[in-house]
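Participant: Here is a sequence together with a model predicted from it:
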Amino acid sequence: MDCKATSTIRRQRSRRASGATLVEFVVASAVGVVLLGVFMTFAVYQGRSFTVLLNLVDMDQLNRQSLDQMSQDIRQVNKVIYYGTNWIDFEDYDKATLTYRFDPTTRSVTRTKAGTTKTVLVECSTFTFALMQRNIVEGSYAYYPAEILAEAKVIGITWETSRSILGKKTGLSGSQTARIVIRKA
């Protein structure tokens, strides 16, 4: 009995079909690298966005705490003693001097009373005080500006805080504006 291999062509074709060619491997690798690049770009973007959001929440919380402290203090003072756009001195309810001062070099706002200084706000870009009368401009919510210290019954405070995130200055900031009425005045 003669046994001959009748399907040598089929075996060669099946061997070629079972493996990947070099071209297929290069194309698959290129697609994989592109997908990995897209994923990494998205991961970095999401990480940066998450960091920005966390910083905004943190700045907002610090702004609220600072505003609460200043509001509580200013409502209880007797009168304004001295005033500048970046600082203000009050006569407190116990006749002691209460001072709030913004230092642009350290980017902080400090509270000083009876020789004790406490930092109430950090990372502050701008900070201003404004003195106003208690009378409201008709047809609006604005107050008339105080011409002399004795007329100062409302203290306007405006500030802006900002941070650098991952070494870059962001365009995002926390802004606050408040009008605080002196109760005893």
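Facilitator: Perfect, thanks for sending it.
Participant: The spatially most central residue of the chain sits in which helix or strand?
Facilitator: Compute the mean C-alpha point of the chain, and by CA atoms, centre = their mean the closest residue is residue 56, 3.4 Å away. Under DSSP states H and E, the secondary-structure element containing residue 56 is helix 22-76.
Participant: Let me know the average pLDDT across that helix.
Facilitator: Per-residue pLDDT over helix 22-76 has a mean of 90.
Participant: Counting by contacts, list what that helix packs against.
Facilitator: Counting contacts by 3 or more CB pairs under 8 Å, 6 or more residues apart in numbering; DSSP states H and E, helix 22-76 is packed against strand 97-103, strand 108-113, strand 116-121, strand 154-165, strand 168-181. For glycine as for every other residue, the C-beta is placed from the backbone atoms N, C-alpha and C.
Participant: Give the next helix or strand downstream of it.
Facilitator: Counting by DSSP H and E, the next helix or strand C-terminal to helix 22-76 is strand 79-84.
Participant: Mean neighbour count and mean pLDDT added to the helices and strands packed on helix 22-76, as CSV?
Facilitator: Below are those laid out as CSV (neighbours: other CB atoms under 10 Å; pLDDT from 0 to 100):
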stretch, mean neighbour count, mean pLDDT
strand 97-103, 18, 95
strand 108-113, 18, 95
strand 116-121, 13, 94
strand 154-165, 19, 86
strand 168-181, 14, 78
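Participant: Nearest approach to residue 69 belongs to which of the ones you listed?
Facilitator: Distances from residue 69 to each of the helices and strands packed on helix 22-76 were compared using CB to CB; the minimum, 5.3 Å, belongs to strand 116-121.
Participant: tell me the angle the helix or strand following the closest one makes with strand 79-84.
Facilitator: For strand 116-121, the succeeding helix or strand toward the C-terminus, using DSSP H and E, is strand 124-136. The directions of strand 124-136 and strand 79-84 differ by 130 degrees, with axes from the mean of the first three to the mean of the last three CA atoms, to 10 degrees as the criterion.
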